[in-house]
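> Okay, sequence plus prediction incoming.
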Amino acid sequence: MIQRIWYYALRAYVWAGLHFYFQKIIVKGRENIPTDHPVLFTPNHQNAFIDALLVVTTNYRHTHFLTRADVFKKGFVHWLLSTLNLIPVYRMRDGWSSLDKNQETFTRCTECFEKNECVLIFPEGNHGMYRRLRPLSKGFTRVVFEALQKNSILKLSIVPVGLNYTSHTSFFGSVSIYYGKPIPVAEYFNQPQPQGANELRHAVATSLKELITHVADEIHYAEIIRQLEHQPVNYLDPIATDTALRSISVNTVSIKA
């Protein structure tokens, strides 16, 4: 109980602080977040720790989020981050022996879901600089499939989240957070594997591309952005940006894919 009070108090404090960091924060699609069952949030990733804070402070659900394990190395820091609902994820750079610890991470995620709580994971793996969705890793499908494997009657959805910055490297810019429609996990879990996992990754990627500015053409990226900003474009509105992207043609290469 005390930990939960601490969590909500700190979340309110962070939410207030974000309004000093950003000029404007716009939240869309919050009605898409289920309230009667657990959720895995899968945002795109451009702005390191800020991305997680924006999702945690705007969704109204009790949310845990996965972050790289190296920030947990010191004892006091480990305790503090644990009270803030952070769950460590171990990568190859942490050592081969550390990868086995990820099983505990998956178990903790399942426990959160069984308590009707939510988990946040960045399916791109790390943050990127460009306005595009990078290929999604298979880690998030393992999180939800392992939960259903342990509890087959668990109702669980994925909610893609689009984070759109006017400039993710600048102080006092603006940001919009778009919550997409929930994607039920069970129908993909019940398919033959790995087909089900691949189709789930595709469904999440397709939804995310509609919630952000996604420039698929890497070769002509700089030219496309130049033309886009010449219009000018409102990066806070991914629907308008998508329309603008479709009007751009660079060497007859498809811009939106």
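Yep, that arrived.
> what mean pLDDT does the longest strand along the chain have?
Counting by DSSP state E, the longest strand found in the chain is strand 157-165. In this model, strand 157-165 carries a mean pLDDT of 98.
> Show me what that strand is packed against.
With contacts defined as 3 or more C-beta pairs under 8 Å, 6 or more residues apart in numbering; DSSP states H and E, strand 157-165 has these neighbours: strand 39-43, helix 48-58, strand 174-179, strand 183-184, helix 195-211. No exception for glycine: its C-beta is placed from N, CA and C like everyone else's.
> Surely Ile225 touches Arg131?
Yes. Between Ile225 and Arg131 there is a contact under C-beta atoms under 8 Å: 7.0 Å.
> overlap in contacts of these two?
Taking C-beta atoms under 8 Å, 6 or more residues apart in numbering as the contact criterion, the common neighbours of Ile225 and Arg131 are Val215.
> Those two: who's more crowded?
Using other C-beta atoms under 10 Å as the criterion, Ile225 and Arg131 rank with Arg131 on top: 22 against 16.
> sec struct for the more buried one, please.
Following DSSP: H, G, I helix; E, B strand; the rest coil, the label given to Arg131 is coil.
> Excluding chain neighbours, what is closest to it?
In this structure, Arg131 finds its nearest non-sequential neighbour in Thr213, 4.3 Å apart by C-beta to C-beta, 6 or more residues apart in numbering.
> List the contacts of Ala147.
Ala147 sits next to Phe106, Cys109, Thr110, Phe113, Glu114, Leu154, Leu156 when contact means C-beta under 8 Å, 6+ apart.
> ok, back up a step: the helices and strands packed on strand 157-165: which one's closest to Glu218?
Proximity to Glu218, assessed across those by C-beta to C-beta, is greatest for helix 195-211 (14.5 Å).
> buried ones in that closest one?
Along helix 195-211, these residues count as buried under the neighbour rule (16 or more other C-beta atoms under 10 Å): Gly196, Ala197, Leu200, Arg201, Ala203, Val204, Ala205, Ser207, Leu208, Lys209, Leu211.
> Grab the most central residue of the protein for me.
Taking C-alpha atoms, centre = their mean as the criterion, Pro43 is the residue nearest the geometric centre of the chain, at 1.8 Å.
> shouldn't that one be in contact with Gly162?
Yes. Contact between Pro43 and Gly162 holds when scored by C-beta under 8 Å: they sit 7.3 Å apart.
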